[in-house]
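Engineer: Whatever this is, show me its structure:
(2 chains)
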There are 2 protein chains.
Amino acid sequence: MAKSSNITAAKGFRAGGMTCGIKTSGKPDLVIITSDFPCASAGVFTTNKMPGAPVIVSKKHVANGKAQAIVCNSGCSNVCTGEQGIADALTMCLQTGQQLGIDPSDVLVCSTGVIGHMLPMDKIEAGIENLAPKLKRGPQADAATAKAILTTDLVPKTAHVSFKLGTKTIHIGGIAKGSGMIAPNMATMLSFITTDIAITPALLKQVLKRVADISYNRISVDEDTSTSDSVLILANGQAGNRLIDKPGKNLTLFENALTQLCKDLAYQIVKDGEGATRVYRAQVSGAASIKDANLIGKTIANSPLVKTAVHGCDPNWGRLVMAVGRSGANVKPQKLDIAIGGILLCKSGQPTQLSKTQLVKVEKHMMSKEVLLSVNLNMGQGESEWLGCDLSREYITINADYTT
Amino acid sequence: MAKSSNITAAKGFRAGGMTCGIKTSGKPDLVIITSDFPCASAGVFTTNKMPGAPVIVSKKHVANGKAQAIVCNSGCSNVCTGEQGIADALTMCLQTGQQLGIDPSDVLVCSTGVIGHMLPMDKIEAGIENLAPKLKRGPQADAATAKAILTTDLVPKTAHVSFKLGTKTIHIGGIAKGSGMIAPNMATMLSFITTDIAITPALLKQVLKRVADISYNRISVDEDTSTSDSVLILANGQAGNRLIDKPGKNLTLFENALTQLCKDLAYQIVKDGEGATRVYRAQVSGAASIKDANLIGKTIANSPLVKTAVHGCDPNWGRLVMAVGRSGANVKPQKLDIAIGGILLCKSGQPTQLSKTQLVKVEKHMMSKEVLLSVNLNMGQGESEWLGCDLSREYITINADYTT
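Structural biologist: I've put the predicted structure just below:
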């Protein structure tokens, strides 16, 4: 069997994806991921105050720090569906649990797609019954799973890292979706992560929160947050390492590996942003605090005027000045430095005198696939890095021209 | 002489606009507005923490509540220009004051256009010398003035209201610019208002602040705030009314008229938003507080996904759900009502069952020039109304395809 490269890369996990008929396109739309052993588990969920029913149910099911399976459909988000929506999400857990022989409260559930429609439960129930016995390990199962959580994403997003803890090899595999739509849907972000590390639920929760904050929470396609965003992790301990139950070197090694994986997946989401042709990295340094650095990074990642400048390959640093100024962060105008592609365009709040060669270099950098926008406030130690993508006509096409 | 309809509609004001050569297009780019009599004066300025030199200077000059003239150039914003920028803004005041025979500290100054370039002071100084002696009253002067503050705005924005205070007729005239760019500029909002009412500077300041908050501060084209936004008002008392020096009926009459004028100009700005084809009105009611209502109204006015839905005539109320949920306002999902064009699409957090006739009605409404999006939280008395415009490919063209 070829080596598995993502969601079943860790020992003891099986997964699968299939078409159950929610999407009219006939594309795959149902996924189950499970561990053959009990898992420590944690989740990070949307802060949107109109969360979907699956978010409400998964939050409850993950609260005790254990879970053993994830069931997810794409094509219908089960948001704004009232009590029936909650009942439907619970039914998905119940049925998945029964099929897999695990407690339904150990099943986490996600849905992504159109808001305000009821799930076609007959199709989903038939799908779960069909899919659950067929879950497998290996590249084919990986590929089917990564594909079936997508909506209008152009490409599946997958990642895998491994590292040594003493003599044991730890695997972490993950998949994600985001930045796509099916008319008339929200862009939604989902990520599922499996690992064979042995770790306590409490530490897993802390680590996932910290890692999500510097990976998935530092990207922007269009600033609009979804009602379904969820990041879920299952850790089944099958790698055989000594249980990580306190902070220390082993926890740090795990956190670093998980960070690498999640940053990789987050980058893939931005790169596949709706209509995106290029990615930009907003590097903020010298802020009075990390909070300030994040305010500025986020504003640059969100700004339509920065996005369109990147799309037009225009080294228009005035738009970065604007974004810094409107971010709400502390700033001393006479200390502000701005560079694009490492070349200083604004020093101490005033334009630098660029040579012709430097100007050509900046313009060339603006045409590259990844643009580096650096802001230094020269006020303190606050640093932050955010990812954004450009804003193109295709974004308008995707989001305006599909009609209900 | 034909009746003046805006900036010189009030007694005792003269104005003019001309080409002084800042814009390479040769379009008009210099404006002076003055009163023949001393004025009470007030200003509201950008909250952007990288304000332009003219903002810094005008704030100082208006601090004592008096002013007698405004000088403004378009084509170069005088932002990120350090001490030289401050000196240049002061020079504009000094020269305008000398030409008009008034104290330079009674001159307010604005600049709009590209960030990070020095003003071409030789051209501006020659322009002021040329223009100042030619200021006039009447339609021609009005038109020239309204035109010369524009950047890539498609149309001038002008308004005039009058009302009676006892036997006296009060005039208020105004012009505005906004939502336009010249490559590679920020969208900027400027508005200049003249009136012949007699009012104390302290009350004028209070009224202008309140009015700006519910007019200019409740619109969004693309969320990006400018480093130059300024609203300035001059009140010269020539209508002959008894000085308004305390709250009461007369102040209310003035405030209502000023609100009407500013809302009119704000609407014109949104309508002429970059690439905009249509306006939408976000009406929020039933919020727990006005603050919450504003959070939601602002999020709907800013949201790229709402903007693209309006552009695509798509009655996609799920995007309003998303915007309500991400606004930060308090919301009880099971109480949320959403209507488009007055037709309820979501009742108590769940989809309504629309008849075919109603659905056709909603779809027809989405195609109209002004779309009404209503959100009722059913939680309290908080109300707010915001204006947004749609997001079109033309926005991308304007902001991406112009290069430096």
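Engineer: and the residue lying closest to residue A:266 once chain neighbours are set aside, backbone torsions?
Structural biologist: In space, residue A:266 comes closest to residue A:215 once its chain neighbours are excluded; the distance is 4.4 Å by CB to CB, 6 or more residues apart in numbering or on different chains. For glycine as for every other residue, the C-beta is placed from the backbone atoms N, C-alpha and C. Main-chain torsions, residue A:215, degrees, to the nearest 10: phi -120, psi -80.
Engineer: Around residue A:215, how many other residues sit close by?
Structural biologist: Neighbourhood size, residue A:215 [other CB atoms under 10 Å in any protein chain shown]: 23.
Engineer: Equivalent analysis for residue A:383, please.
Structural biologist: Neighbours of residue A:383 (other CB under 10 Å): 15.
Engineer: Tell me the secondary structure at it.
Structural biologist: strand (DSSP: H, G, I helix; E, B strand; the rest coil).
Engineer: Over to the nearest residue to it once chain neighbours are set aside. Which of the three states is it?
Structural biologist: Distances taken as CB to CB, 6+ apart put residue A:285 closest to residue A:383, at 5.0 Å, once the chain neighbours are dropped. When classified by three-state DSSP, residue A:285 comes out as strand.
Engineer: So for the closest residue to chain B within the stretch 51-200 of chain A, what's the nearest residue that isn't a sequence neighbour?
Structural biologist: In the stretch 51-200 of chain A, the residue that lies nearest chain B is residue A:115 (2.9 Å; CB to the nearest CB). Spatially, and ignoring its direct neighbours in sequence, residue A:115 is nearest to residue B:318 (2.9 Å; CB to CB, 6+ apart).
Engineer: Please look at that neighbour and residue A:78 and confirm they touch.
Structural biologist: No. Contact criterion CB atoms under 8 Å: residue B:318 and residue A:78 do not qualify, at 11.8 Å.
Engineer: What separation is there between the residue nearest to residue A:115 and residue B:361?
Structural biologist: 19 Å (CB to CB, to the nearest Å).
Engineer: before we move on, what about residue A:156?
Structural biologist: Going from residue A:156 to residue B:361 by CB to CB gives 41 Å.
Engineer: And residue A:152, by the same measure?
Structural biologist: 29 Å.
Engineer: circling back to that earlier point, quick one: contacts for the residue of the stretch 51-200 of chain A closest to chain B?
Structural biologist: The contact partners of residue A:115, by CB atoms under 8 Å, 6 or more residues apart in numbering or on different chains, come to A:52, A:77, A:79-80, A:185-186, A:227, B:317-319, B:321-322.
Engineer: will you turn those into TSV that also has neighbour count, distance to residue B:12 and secondary structure?
Structural biologist: Below are these laid out as TSV (neighbours: other CB atoms under 10 Å in any protein chain shown; distance: CB to CB, whole Å; DSSP: H, G, I helix; E, B strand; the rest coil):
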residue	neighbour count	distance to residue B:12	secondary structure
A:52	36	61	coil
A:77	30	61	coil
A:79	32	59	coil
A:80	27	58	coil
A:185	28	58	coil
A:186	29	55	coil
A:227	28	57	coil
B:317	26	51	coil
B:318	28	54	helix
B:319	26	50	helix
B:321	27	53	helix
B:322	31	51	helix
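Engineer: any idea which of those is closest to residue A:372?
Structural biologist: Closest approach to residue A:372 among the contacts of residue A:115 (CB to CB): residue A:186, at 29.8 Å.
Engineer: Mind giving me the packing neighbours of the strand or helix carrying residue A:206?
Structural biologist: In the assignment (DSSP states H and E), residue A:206 maps to helix A:201-214. Helix A:201-214 is packed against strand A:30-45, strand A:230-235, helix A:249-271, with contacts defined by 3 or more CB pairs under 8 Å, 6 or more residues apart in numbering or on different chains; DSSP states H and E.
Engineer: Flag the shaky bits of chain A, pLDDT-wise.
Structural biologist: A:1-2, A:179-188, A:221-225, A:401-404 (pLDDT under 70).
Engineer: Can you give the domain ranges for it?
Structural biologist: A:13-269, A:279-401 (automatic domain parsing).
Engineer: Serialize these to JSON lines and add fields for distance to residue B:397.
Structural biologist: What follows is those, written out as JSON lines (distance: least, CB to CB, whole Å):
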{"stretch": "domain A:13-269", "distance to residue B:397": "18"}
{"stretch": "domain A:279-401", "distance to residue B:397": "8"}
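Engineer: need the residues of the stretch 1-150 of chain A near chain B, please.
Structural biologist: Those residues of the stretch 1-150 of chain A that sit near chain B, judged by CB under 8 Å from any CB of the partner chain, are A:47-51, A:77, A:79-82, A:114-117.
Engineer: Counting neighbours, which of the residues you listed comes out on top?
Structural biologist: Neighbour-wise, these (other CB under 10 Å) top out at residue A:79, 32 neighbours.
Engineer: Name the nearest residue to residue A:371, ignoring sequence neighbours.
Structural biologist: residue A:280 (4.1 Å).
Engineer: scratch that, residue A:327
Structural biologist: Closest to residue A:327 by CB to CB, 6+ apart is residue A:299, at 4.0 Å.
Engineer: That neighbour in helix, strand or coil?
Structural biologist: Quick answer, by three-state DSSP: residue A:299 is helix.
Engineer: mind checking the SS state of residue A:176?
Structural biologist: Going by three-state DSSP: residue A:176 is strand.
Engineer: Quick check: it touching residue A:215?
Structural biologist: No. Counting by CB under 8 Å, residue A:176 does not reach residue A:215; the two are 10.1 Å apart.
Engineer: Can you work out which residues contact both of those two?
Structural biologist: A:265-266.
Engineer: before we move on, back to that, show me the contacts for the residue nearest to residue A:327.
Structural biologist: Contacts of residue A:299 (CB under 8 Å, 6+ apart): A:323-324, A:326-327.
Engineer: I'd like those laid out as CSV, including neighbour count and secondary structure.
Structural biologist: Formatted as CSV, these follow (neighbours: other CB atoms under 10 Å in any protein chain shown; DSSP: H, G, I helix; E, B strand; the rest coil):
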residue, neighbour count, secondary structure
A:323, 26, helix
A:324, 26, helix
A:326, 22, helix
A:327, 26, coil
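Engineer: Taking those residues together, which two end up most distant?
Structural biologist: Maximum distance among the contacts of residue A:299 (CB to CB): 7.7 Å, for A:324 and A:326.
Engineer: Identify the contacts common to those two.
Structural biologist: A:299, B:49.
Engineer: Quick check: which element contains residue A:373?
Structural biologist: strand A:370-376.
Engineer: what comes up buried for that strand?
Structural biologist: A:371-376 (16 or more other CB atoms under 10 Å in any protein chain shown).
Engineer: Around chain B, which positions in the stretch 201-350 of chain A sit nearby?
Structural biologist: So the stretch 201-350 of chain A meets chain B at A:222-227, A:302-305, A:308-309, A:311-319, A:321-327, A:329-331, A:333-334, A:336, A:345-346, A:348-350 (CB under 8 Å from any CB).
Engineer: Tell me the buried residues within those residues.
Structural biologist: A:222-227, A:302-305, A:308-309, A:311-319, A:321-327, A:329-331, A:333, A:336, A:345-346, A:349-350.
Engineer: quick one: the nearest residue to residue A:369 once chain neighbours are set aside from chain B, how far?
Structural biologist: Excluding its sequence neighbours, the residue lying closest to residue A:369 (CB to CB, 6+ apart) is residue A:278, at 5.6 Å. Distance, residue A:278 to chain B, by CB to the nearest CB, to the nearest Å: 11 Å.
Engineer: neighbours around residue A:278, how many?
Structural biologist: Residue A:278: 21 neighbours (other CB under 10 Å).
Engineer: What segments of chain A are helices?
Structural biologist: Using DSSP state H, the helices found in chain A span residues A:53-62, A:82-100, A:121-131, A:139-148, A:201-214, A:249-271, A:290-302, A:304-311, A:318-326, A:356-366, A:393-396.
Engineer: just so I know, which of those helices lies nearest residue A:17?
Structural biologist: Nearest of the helices of chain A (CB to CB): helix A:139-148, 2.9 Å.
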